[in-house]
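Peer 1: My questions concern the predicted model and sequence given below.
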Amino acid sequence: WRLLCQSMTSVSFECTAHIPGYSAWLDAHDWTPAYARHRRNLQLIGLHDQGRRWVLKNPSHLFALDALFAAYPDAVVVQTHRDPSRVVGSFCSMVSHAYGVFSDHVDPVEIGRHWSRKAGKMVAHSMDARAGAGAGWGTAGVTESAGGGGRRETRVGALLGSGAGRDSACPPRKAGAGAG
């Protein structure tokens, strides 16, 4: 996500401050130039290791899948499915703490409203993109245990079939916190 921040095109700014003007701008903004820069940066970072695939784990990519696929036409998206009420609530708690670092005014109700709307837009956009994309998608279910303490994840390699073969011959490179 930091690579997208370099282009000022990232939801990460909204995770640290209440900035409705930026949020409205970002919702209407074309992310294509940001993803073109993202690709150039990853090419530079991986210059000496060109045979390996990147694994970018960041749900904010779902806001701009059209731009992501324009920059990375061979991308494979694995979309996990979890209980939205648990995920959004947990995320809003984290955002509230982040707001508190930069502001004396933290409104958890507004944070909840804002991120519930954003999460709804993200899911709707990803489902629209998925319906039009065809290939390049895998779905990984995450099942929460009854006690909430553990979870069982579907193996991604099994979902991707021949894509997993490419990855097994060329293990994925984790993009890390600074590149996703």
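Peer 2: In hand now; what should we look at? Residues are numbered from 1 along each chain as shown.

Peer 1: how about low-confidence regions in the chain?
Peer 2: Counting by pLDDT under 70, the chain has low-confidence residues at 1, 133-180.

Peer 1: Centre-most residue in it?
Peer 2: Pro59 (2.0 Å; Cα atoms, centre = their mean).

Peer 1: Name the nearest residue to it, sequence neighbours excluded.
Peer 2: Met122 (7.0 Å; Cβ to Cβ, 6 or more residues apart in numbering). The way it works is simple: take the backbone N, C-alpha and C, and place the C-beta from them, glycine included.

Peer 1: contacting residues for that neighbour?
Peer 2: 59-60, 62-63 (Cβ atoms under 8 Å, 6 or more residues apart in numbering).

Peer 1: Equivalent analysis for Ala67, please.
Peer 2: Contacts of Ala67 by Cβ under 8 Å, 6+ apart are 30-32, 34-35.

Peer 1: Now intersect those with the strands, please.
Peer 2: The strands, defined by DSSP state E, take in nothing from the contacts of Ala67.

Peer 1: and which of those residues is nearest to Arg2?
Peer 2: Closest to Arg2 out of these is Ala34 (11.9 Å), distances taken as Cβ to Cβ.

Peer 1: so that closest one sits right up against Val11, yeah?
Peer 2: No: the criterion here is Cβ atoms under 8 Å, and Ala34 misses it with Val11 at 11.7 Å.

Peer 1: sorry, back to before: mark which of the contacts of Ala67 are buried, thanks.
Peer 2: 31, 34-35 (16 or more other Cβ atoms under 10 Å).

Peer 1: Throw these into JSON lines and include distance to Ser23, thanks.
Peer 2: What follows is these, written out as JSON lines (distance: Cβ to Cβ, whole Å):
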{"residue": "Trp31", "distance to Ser23": "14"}
{"residue": "Ala34", "distance to Ser23": "16"}
{"residue": "Tyr35", "distance to Ser23": "19"}
